[in-house]
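Trainee: sequence plus predicted model, see below.
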Amino acid sequence: ALADDLIGPERRRAHRRVAEALCATRKDDVDAVAAEISDHFLEAGDVQRAAEYALRAGRRAAAQHAPVAAASHFNRVLRLLPEDDQARLGLLLEAAAASYTDSERNPSMALAVEAHRLAKEVGDPVSEAQALRWLWQDRWRSGDSEGAVALSAEALRLVEGRDDWTEAWTRQANLRHLALTGSQNDEVRALVPGALEVATRAGHMEALSQIHNTRGIIAAFEGENIEAFEAAAQCAVAAHAADAEVSAWQNGGYSALWIGHMRRGREWLARALELAERETPARTDYPRAGLSWAHALTGELDAALATAASPRDSGDIPARMVALTALTEVHLRRGDLALARECAEENWRVAAANGEGQRIDPALAHLVAVRVHDGMPQVEEIIERFLSGAWRPGNHALATPNMSHALVVAGAGQRLRRLTEITRDLTSQASHAHNRAALALCEGRLSAVEADAEAARRWLQEAVVLYRDMPCPAREAEALLDIAELELREG
């Protein structure tokens, strides 16, 4: 209040006295008032100390998972720092990490771009790769999976053989991006041992966590799947890396849903969300969307609707797509075709542009489910493209039951046979419970169309048991209705 009556040197001296008084009286928790101290030193004309306390404020905001505040404080430091200061590049990288968020207006991107430019200019390939980390994460979040893979591969070329710590982190990211695109699992498996060796040599526990996380995603059998994600969580705890622990339970939960273990999926996703809300509150959309999908698949429709509300409009494209998947499921099961169509069509547009197998399967399943109500011509082209191999996700568990139902309704027995043959082949490549249940449903429907009532009963009863064990009540009900139709025809 007094400062308003002061001018010139007297005003600057007053600000300096306030800043020094705060330093003296709050020395035990000076970081809590570091931003205020920085303001006073700046008004006093002491640029060096203003930058020093702005940096302390930025680091405190980062520790409190407040990325927007962190960006503001770090930006002040960078504005006050001479352009040619040798600390500038390191501060840009630190600022990019501190200010990263899933929102569409991600404050870390400008910082990462500037760090990348400066690292290139001064000929520092390791720092250049570190800057690319935030750029590839933003590409991934925005739905550009190919761009993310390309940037992580570029970063790996920059650091290979130069810096074990950065190389370990870059290798794990490149592996994870390749694994999540769903099309290069053999390549990923071949690269895992080398990545584990580099991360172990560097003592990089967080990178080790993410490599085990990737092992879980590409696991060939269930035991390896569980072991890998639990190892990922243990390494993350050892590294005190909350992000990595969230990722372990989150990806483990999604993986469990894919292979048909809905209870475990729901439990692990709930654990991931609880941890994210506590430790990384700026990045909760993806585990929240996953939990909404788990609720939808297990028939908890009210819970699914409530949980999907926030990630539905997320700037994180993968989270938005999963939320749309959950919402379409809810609206379909409740018979609200207009809302189901709106969500399904939006999800398909994004999934088709994104091109990942893990995104195509649920989006394709729901597109068929809503368009079948418009008549078979609206569905035939979609199914034909699947049959021709244009869209062929490794995991077919969500799409093939809906396509087989549409073909039964249309009386298209020949195409139903082709679909079932393809489903057999896909299931032989990934023979988990969810794919086996979908195959049993397709086989049962084909047998019913071909008037083999005994085989149809056997296959459909197998589908009932598999879906009940997951549990996936909506699919179980579909199989039971198919059996009822069969028994009705049989008298």
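Mentor: Received the coordinates, thanks. Numbers count the residues shown, from 1 in each chain.

Trainee: mind listing the helices for the stretch 251-400 of the chain?
Mentor: Residue ranges of the helices in the stretch 251-400 of the chain, as given by DSSP state H, counting those that start in this stretch, are 262-279, 285-297, 301-308, 317-333, 337-354, 357-371, 377-388, 399-410.

Trainee: make CSV from those and add mean pLDDT and mean neighbour count to it.
Mentor: Every residue, glycine included, has its C-beta placed from N, CA and C. Putting the helices of the stretch 251-400 of the chain into CSV (pLDDT from 0 to 100; neighbours: other CB atoms under 10 Å) gives the following:
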stretch, mean pLDDT, mean neighbour count
helix 262-279, 97, 20
helix 285-297, 97, 28
helix 301-308, 97, 19
helix 317-333, 94, 25
helix 337-354, 88, 18
helix 357-371, 83, 25
helix 377-388, 82, 16
helix 399-410, 93, 23
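
Trainee: save those helices as JSON lines, and put in distance to Ala32 too.
Mentor: Conversion of these to JSON lines gives the following (distance: least, CB to CB, whole Å):
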{"stretch": "helix 262-279", "distance to Ala32": "20"}
{"stretch": "helix 285-297", "distance to Ala32": "29"}
{"stretch": "helix 301-308", "distance to Ala32": "35"}
{"stretch": "helix 317-333", "distance to Ala32": "33"}
{"stretch": "helix 337-354", "distance to Ala32": "43"}
{"stretch": "helix 357-371", "distance to Ala32": "44"}
{"stretch": "helix 377-388", "distance to Ala32": "58"}
{"stretch": "helix 399-410", "distance to Ala32": "53"}
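
Trainee: strands of the protein, start to end?
Mentor: Counting by DSSP state E, the chain has no strands to list.

Trainee: which regions of it sit below the pLDDT cut-off?
Mentor: For the chain, the stretches flagged by pLDDT under 70 are 1-8, 102-105, 182-184, 220, 354-358, 390-394.

Trainee: go with 50
Mentor: Low-confidence regions of the chain, defined by pLDDT under 50, span residues 1.

Trainee: for Ala437, find the nearest of the helices of the stretch 251-400 of the chain.
Mentor: Counting by CB to CB, Ala437 lies closest to helix 399-410 out of the helices of the stretch 251-400 of the chain; the figure is 8.3 Å.

Trainee: end to end, how far does stretch 307-315 reach?
Mentor: One end of stretch 307-315 sits 16 Å from the other (CA to CA, to the nearest Å).

Trainee: show residues contacting it.
Mentor: Residues lying outside stretch 307-315 but in contact with it, judged by CB atoms under 8 Å, 6 or more residues apart in numbering, are 102-106, 141-142, 284-286, 288-289, 291-293, 295-296, 319-320, 322-324, 326-327, 330.

Trainee: Phe418 against Ser388, yeah?
Mentor: Rather than Phe, residue 418 is Arg. No - taking contact to mean CB atoms under 8 Å, the distance of 9.9 Å between Arg418 and Ser388 leaves them out of contact.

Trainee: so how far is Leu81 from Leu91?
Mentor: When distances are taken as CB to CB, to the nearest Å, Leu91 and Leu81 turn out to be 7 Å apart.

Trainee: I should have written Gly411 there, sorry.
Mentor: Taking CB to CB as the measure, Gly411 falls 73 Å from Leu81.

Trainee: what do you get for Glu267?
Mentor: According to CB to CB, Glu267 and Leu81 sit 48 Å apart.

Trainee: give me phi/psi at Pro471?
Mentor: phi -90, psi 150 (degrees, to the nearest 10).

Trainee: got the contact list for Asp163?
Mentor: Under the criterion of CB under 8 Å, 6+ apart, the contact list for Asp163 reads Val126.

Trainee: where's it relative to Ala233, distance?
Mentor: With distances defined as CB to CB, the gap from Asp163 to Ala233 amounts to 27 Å.
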